[in-house]
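Undergrad: Predicted structure and sequence below. I'll ask about it afterward.
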Amino acid sequence: MTALYRPGRTPLHRLPAGPKALGFAVVVLAVSLLPTRWEASVAALAVAAATYVFLGPGLRELVAQTYGLRWILLIVFAGQLIFSGLMPAATNTARVGAAILLATLVMLTTRVTDLLAALERGLQPLRRLGVDPQRASLLFCTVLTTVPVLGRLALEVREAQRARGGRGVRIFAMTFTVVALKHADQLGEALAARGVD
Amino acid sequence: MSAFELDQVQVVLDDVRVLDDVSCVLDAQRIAVVGENGSGKSTFARLVGGLIPPSGGRIRVLGLDPVKQAKELRRRIAFVFSNPDAQIIMPTVAEDVAFSLRSQRLGTDESTRRVREALEHFGLADLADRPAHSLSGGQKQLLALCGAFVRRPELVIADEPTAYLDARHSRRVADHLFADLGHRLLLVTHDLELARRCDVALHFADGRLVSVGPAATVVPEYEASLV
């Protein structure tokens, strides 16, 4: 879910970042509030699919993003199935899938730099309440870029553990925490070095 | 006014004296910092870059106090660290380079132009829209250099910038660092060939500056002490 931006010239690419993010936030909220009925879920999925195909990066990207969500959707479905039954599980999972697909569209069609600038502008009124818009938007960016790094670090720790014949979640968690904190230190230093106070 | 003026500088971190009684006045264009692991080289680089404050003594870098004038100093210098992964802030290559210009408050056109020129200079133009974390280690370090040089710094502080790189990328990174772009270079390195390319070298041991002088003299002396 990082670096999702795909260069392009679709109508969604051409929309300014701020209104686009706000619009999608409203749509995603509306999808989340839909009643638990199959018609509503089908409609949400249809809206998401149509937005990809007609306004966004196209059918191939829709298929790729849906495939990427398979495990999340499976977990959501399994959880709902246990507690709510087949039909609510299917409709809720479809709704969650539609919401994630729609939210992902913002990332796919907007450069993070533009999102960052829009977020900074949007948060300006909160400055009076002590919120630093620059810091808040930077936090958003560093979260995005840190996810794949942590994934790679976790893999390296796991490999090192295997290479030394070690097993166990507790040791992995301890080592991974230390490595992640070290990365956080280095990232903080890199930010300071690039003029961020 | 010299570029670096240090007078009896100390750095204490977690009750450990990592730099002790460091005094020197340097004005060379390219300065190498050599010494064994734990000798205080990286601490020295961070100290002159204003990333850590001195615990004692007096220090001026480019005529500025790195503690009281840290913001101004950071505008005029750029860092390159050994681990390229820790230097990537933004998701894509072009955005990461553009991030370096954020504090300079340039207009969009000027910023875009400088990013494009820098990417071309560092051979990264074709990778502009690629996720930065998908690059190879060598490409990531070139990206870090690109992010450093796009700011047109007066001083580049590079802390073992070739440590994780293969021979080809090491050479490319070194060539960029030593290119005549009007910047000063402070290079912390274990690569003695690179150190020899500098004008002046500092040799650290156990947190103390044991010798300062022409790289052609200091580096061979240090090398001989390793045997």
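TA: Good, I have the coordinates. Residues are numbered from 1 along each chain as shown, chains lettered A, B, ... in the order given.

Undergrad: Name the SS class of B:Ile31, please.
TA: strand (DSSP: H, G, I helix; E, B strand; the rest coil).

Undergrad: Which of the helices and strands in chain A ranks last by mean pLDDT?
TA: Sorted by mean pLDDT, DSSP states H and E, the helices and strands of chain A end with helix A:133-163, the least confident at a mean of 82.

Undergrad: If I take the next helix or strand after it and helix A:133-163, what angle do their directions form?
TA: Next along the chain after helix A:133-163, taking DSSP states H and E as the criterion, comes helix A:169-193. Helix A:169-193 and helix A:133-163 meet at an angle of 140 degrees, taking axes from the mean of the first three to the mean of the last three C-alpha atoms, to 10 degrees as the criterion.

Undergrad: Could you give me the buried positions within helix A:169-193?
TA: A:172, A:175-176, A:179-180, A:183, A:186-187, A:189-193 (16 or more other C-beta atoms under 10 Å in any protein chain shown). Bear in mind the C-beta positions are built from the backbone N, C-alpha and C, glycine included.

Undergrad: neighbouring contacts of that helix?
TA: For helix A:169-193, contacts defined as C-beta atoms under 8 Å, 6 or more residues apart in numbering or on different chains pick out A:138, A:142, A:146, A:149-150, A:153-154, A:156-158, A:160-161, B:46, B:49, B:51, B:74, B:78-79, B:81, B:83, B:85-87, B:89.

Undergrad: Show me which of those residues are buried.
TA: By 16+ other C-beta under 10 Å, those give A:138, A:142, A:146, A:149, A:153-154, A:157, A:161, B:46, B:49, B:51, B:74, B:78-79, B:81, B:83, B:85-87, B:89 as buried.

Undergrad: wait, A:Ala99 sits on A:Val26?
TA: No - with contact defined as C-beta atoms under 8 Å, A:Ala99 does not count as touching A:Val26 (11.9 Å).

Undergrad: More neighbours: which of these two?
TA: Between A:Ala99 and A:Val26, A:Ala99 has the larger neighbour count (other C-beta atoms under 10 Å in any protein chain shown), namely 20 against 10.

Undergrad: Can you name the next helix or strand after the lowest-mean-pLDDT helix or strand in chain B?
TA: Averaged element by element with mean pLDDT, DSSP H and E, chain B has its least confident helix or strand at helix B:70-76 (a mean of 87). Where DSSP H and E defines the elements, the next helix or strand beyond helix B:70-76 is strand B:77-80.

Undergrad: tell me how far the helix or strand B:Leu145 falls within is from the chain's mean position?
TA: Using DSSP H and E, B:Leu145 falls within helix B:137-149. In this view, helix B:137-149 has its centroid 12 Å away from the chain centroid, taken as C-alpha atoms, centre = their mean, to the nearest Å.

Undergrad: Alpha carbons of it, as PDB, please.
TA: Only the C-alpha atoms of helix B:137-149 are listed here, as PDB (Å, rounded to 0.1, in the frame of the first residue of the first chain):
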ATOM      1  CA  GLY B 137      21.300  -0.400  -2.900                       C
ATOM      2  CA  GLY B 138      23.500   1.400  -5.400                       C
ATOM      3  CA  GLN B 139      20.600   3.300  -7.000                       C
ATOM      4  CA  LYS B 140      19.300   4.200  -3.500                       C
ATOM      5  CA  GLN B 141      22.600   5.700  -2.600                       C
ATOM      6  CA  LEU B 142      22.700   7.600  -5.900                       C
ATOM      7  CA  LEU B 143      19.200   8.900  -5.000                       C
ATOM      8  CA  ALA B 144      20.500  10.000  -1.500                       C
ATOM      9  CA  LEU B 145      23.300  11.900  -3.300                       C
ATOM     10  CA  CYS B 146      20.800  13.400  -5.700                       C
ATOM     11  CA  GLY B 147      18.700  14.500  -2.800                       C
ATOM     12  CA  ALA B 148      21.700  16.000  -1.200                       C
ATOM     13  CA  PHE B 149      23.100  17.800  -4.200                       C
END
